[in-house]
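Participant: Next input, structure requested:
(one chain, ligands or ions: 1)
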Amino acid sequence: MDKVLARGSGNPAARPRARTALTLAVAGVAVVAATVTVASSASAGTTLGSAAAESGRYFGTAVAAYKLSDSTYVGILNREFNMVTPENEMKWDATEPSQNQFNYTNADRIVSHAQANGMRVRGHALAWHSQQPGWAQSLSGAALRSAMTNHVTQVATHYKGKIYAWDVVNEAFADGGTGARRDSNLQRTGDDWIEVAFRAARTADPGAKLCYNDYNTDGQNAKSNAVYAMVQDFKARGVPIDCVGFQSHFNSASPVPSDYQANLQRFANLGVDVQITELDIEGSGTTQADNYGRVVRACLAVSRCTGITVWGIRDSDSWRASGTPLLFDGSGNKKPAYTSVLNALNGGGTPPPTTAPPTTTPATTAPPTTPPPSGNGCTGSLTLNQWQGGFVTYVRVTAGANPINGWNVVLTLPGGATITNTWSAQPSGTTGTVNFRNLDYNGSIAPGQSTEFGFQGTGVGPSGTATCSVR
Ligand code: XIL
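Facilitator: Here you go, the predicted model:
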């Protein structure tokens with residue numbers, strides 16, 4: 001892969017998890033927080049996947065089917081990750097080695113492993129100039145166009161209902177300052193090849209999010225501007241696109257751009273999700289760890305950044321192993337970069353509001369003086385962060401005198417309020433009376449201990465207490 005230099009580094013601001021009650025007066029709306037919330041180790045994720053899930057995001061890795069018999073590899077995979085991307089097994093050369101003869105053996109192994117272990121799957125990639133089978137490389141014109149459409153349709157149909165998001169088209173734009181499409185056999189079939197691929201994918205699997213994925217688009221530059229214009233055009237014309245993937249392969253020649261977060265945000269503002277799809281950062285020690293932390297915090301600060309995938313597990317699994325760009329060393333030990341990522345995920349688990357947040361300085365309050373509830377069951381106390389037109393509500397679920405292994409919190413939203421995003425709980429709906437259930441990892445709470453979930457919405461949010469019951 002040829003790479004051009006990206007811009008210099010910067011330090012995107014993290015948005016800290018709210019740990020205190022807030023008293024806010026914004027644009028005439030005065031809101032007083034109902035209770036105090038305090039950080040609790042019960043709500044800090046101890047693995048990448050559980051820490052990301054605290055804010056409703058996923059943490060994934062590229063997986064190679066042939067490594068699923070390596071127990072160290074699988075041990076880390078199953079412990080740490082809740083999303084997988086087949087590294088090569090879903091590419092055109094792997095899935096359709098001869099025209100119209102499909103081979104899903106290795107990709108199916110990865111999908112089965114994911115499903116058996118509660119992980120979701122990013123499909124990668126349906127239409128791409130690279131890793132095409134020989135027969136496709138030698139096609140052109142209408143024959144190639146119909147072969148591509150058939151490929152997209154067949155593969156997306158085979159995996160219908162099993163894919164969280166598809167990289168429908170990969171790397172279709174040229175590097176450098178032109179903003180042009182990359183020359184390829186697919187591009188020579190006509191500019192509309194990309195939208196044709198997206199429409200075919202939507203028809204085949206209407207439930208999958210459909211992404212455009214590329215590299216050297218991580219900061220604002222001519223190439224990302226061209227992708228931006230395409231997404232804007234697709235949204236305007238109703239071409240089905242749901243997300244943009246940012247590969248994020250970084251090294252000293254192509255560092256984390258200083259405007260990484262701003263670039264993710266401008267795409268999100270077009271009405272698509274953004275995902276970090278192939279993250280790896282060459283280097284070692286503190287420098288590498290800091291760069292990883294910055295990338296994670298940038299995603300956490302963009303509410304439509306739905307998850308992060310690293311491109312392999314151990315350094316030795318990497319497609320560029322000599323740069324030691326991953327989170328685990330060749331023996332499977334956690335590197336400083338791992339700790340940096342985990343800390344960033346745990347420290348910034350609150351999605352920011354999609355409308356302007358309050359600009360007043362939060363008032364600090366004393367730590368809670370109320371003793372934990374006695375008796376059975378659980379209690380739910382709400383802390384509201386309200387601004388003009390939107391809100392974030394944090395719900396602290398506290399166990400009574402006995403341990404609990406699952407909880408339900410029921411609360412009623414004021415009229416006109418709609419939830420747009422929930423983290424660390426499963427909501428039953430978005431308006432009116434909503435039932436929030438624990439996720440797998442945060443159902444168990446020791447006596448007197450607590451965990452926290454939250455949701456963001458438009459309108460006026462709820463405050464006070466909520467009905468909590470044990471499941
Ligand atoms: C890479 C794989 O990691 C390698 O195993 C393979 O030899 C080449 O492809 N951008 C992409 C990925 O979208 O599919 C590439 O994966 C890395 C660059």
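
Participant: Any figure for the gap between the residue of the stretch 301-450 of the chain found nearest the ligand and Asp167?
Facilitator: The nearest approach of the stretch 301-450 of the chain to the ligand comes at Trp319, 3.3 Å away (C-beta to the nearest ligand atom). (C-beta placed from N, C-alpha, C; glycine too.) Noted for Trp319: a distance of 16 Å to Asp167, by C-beta to C-beta, to the nearest Å.

Participant: So these two - more neighbours on which side?
Facilitator: Each of Trp319 and Asp167 had its neighbours counted (other C-beta atoms under 10 Å), and the higher figure belongs to Asp167 (28 against 16).

Participant: Tell me which strands the one helix or strand that one maps to pairs with, and in which orientation.
Facilitator: Using DSSP states H and E, Asp167 maps to strand 165-170. Strand 165-170 sits in its sheet next to strand 120-128 (parallel), strand 209-214 (parallel), going by DSSP bridges.

Participant: can you give me the offset of that strand from its chain's centre?
Facilitator: Offset of strand 165-170 from its chain centre (C-alpha atoms, centre = their mean, to the nearest Å): 15 Å.

Participant: hmm, who's touching the helix or strand that that strand is followed by?
Facilitator: If you walk from strand 165-170 toward the C-terminus, the next helix or strand you reach (DSSP H and E) is helix 193-204. Residues from elsewhere that reach helix 193-204, judged by C-beta atoms under 8 Å, 6 or more residues apart in numbering: 126-127, 145, 148-149, 152-153, 156-157, 160, 166, 168-169, 172, 186-187, 208, 210, 212, 230, 234, 239-241.

Participant: tell me which residues in helix 193-204 are buried?
Facilitator: Neighbour counts over helix 193-204 (16 or more other C-beta atoms under 10 Å) mark 193-202, 204 as buried.

Participant: now those in JSON lines, with distance to the ligand and pLDDT?
Facilitator: Formatted as JSON lines, the buried residues of helix 193-204 follow (distance: C-beta to the nearest ligand atom, whole Å; pLDDT from 0 to 100):
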{"residue": "Trp193", "distance to the ligand": "17", "pLDDT": "98"}
{"residue": "Ile194", "distance to the ligand": "15", "pLDDT": "98"}
{"residue": "Glu195", "distance to the ligand": "20", "pLDDT": "98"}
{"residue": "Val196", "distance to the ligand": "20", "pLDDT": "98"}
{"residue": "Ala197", "distance to the ligand": "15", "pLDDT": "98"}
{"residue": "Phe198", "distance to the ligand": "17", "pLDDT": "98"}
{"residue": "Arg199", "distance to the ligand": "22", "pLDDT": "98"}
{"residue": "Ala200", "distance to the ligand": "20", "pLDDT": "98"}
{"residue": "Ala201", "distance to the ligand": "17", "pLDDT": "98"}
{"residue": "Arg202", "distance to the ligand": "21", "pLDDT": "98"}
{"residue": "Ala204", "distance to the ligand": "21", "pLDDT": "98"}
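
Participant: Go through those residues and name the one nearest Val460.
Facilitator: Here the nearest of these to Val460, counting by C-beta to C-beta, is Arg202; it sits at 35.8 Å.

Participant: how far away is that closest one from Pro427?
Facilitator: 26 Å.

Participant: same deal with Ser184?
Facilitator: Separation of Ser184 from Pro427 (C-beta to C-beta) stands at 43 Å.

Participant: quick revisit: surely the residue of the stretch 301-450 of the chain closest to the ligand meets Gly312?
Facilitator: Yes. Between Trp319 and Gly312 there is a contact at 7.0 Å, judged by C-beta atoms under 8 Å.

Participant: Enumerate the residues of the protein near the ligand.
Facilitator: Within the chain, the positions lying close to the ligand (C-beta under 6 Å from any ligand atom) are 1, 87-88, 170, 247, 278, 319.

Participant: among the residues you listed, which ones are buried?
Facilitator: Among the residues of the chain next to the ligand, those buried by neighbour count (16+ other C-beta under 10 Å) are 87-88, 170, 247, 278, 319.

Participant: Closest one to the ligand out of these, please.
Facilitator: Closest approach to the ligand among those (C-beta to the nearest ligand atom): Trp319, at 3.3 Å.

Participant: how about the top helix by length along the chain: buried residues?
Facilitator: The longest helix of the chain (DSSP state H) is helix 141-158. Buried residues in helix 141-158, counted by 16+ other C-beta under 10 Å: 144-145, 147-149, 151-156, 158.

Participant: same deal with stretch 282-299?
Facilitator: Going by 16+ other C-beta under 10 Å, stretch 282-299 has these buried residues: 282-283, 288-299.

Participant: and it, C-alpha only, in CSV?
Facilitator: As requested, the backbone C-alpha atoms of stretch 282-299 are provided in CSV (Å, rounded to 0.1, in the frame of the first residue of the first chain):
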residue,chain,number,x,y,z
GLU,A,282,4.0,1.5,14.6
GLY,A,283,6.4,2.2,17.5
SER,A,284,6.9,1.1,21.1
GLY,A,285,6.7,2.2,24.7
THR,A,286,5.2,5.5,25.8
THR,A,287,5.1,7.2,22.4
GLN,A,288,3.1,4.4,20.9
ALA,A,289,0.9,4.2,24.0
ASP,A,290,0.2,7.9,23.9
ASN,A,291,-0.7,7.8,20.2
TYR,A,292,-3.1,4.9,20.8
GLY,A,293,-4.7,6.8,23.7
ARG,A,294,-5.3,9.8,21.5
VAL,A,295,-7.0,7.8,18.8
VAL,A,296,-9.3,6.2,21.4
ARG,A,297,-10.2,9.5,23.0
ALA,A,298,-10.9,11.0,19.6
CYS,A,299,-13.5,8.2,18.9
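
Participant: can you list the residues that contact it?
Facilitator: Taking C-beta under 8 Å, 6+ apart as the rule, stretch 282-299 contacts 9-15, 57, 248, 250-252, 255-256, 260-261, 264, 274, 276, 279, 281, 305, 307-308, 320, 323-325, 327, 335-337, 339-341, 343-345, 347-348.

Participant: returning to what we had before: of the residues of the chain next to the ligand, which one scores lowest on pLDDT?
Facilitator: Ranked by pLDDT, these bottom out at Met1, which has 42.

Participant: which stretches of the stretch 301-450 of the chain form helices?
Facilitator: 336-347 (DSSP state H, counting those that start in this stretch).
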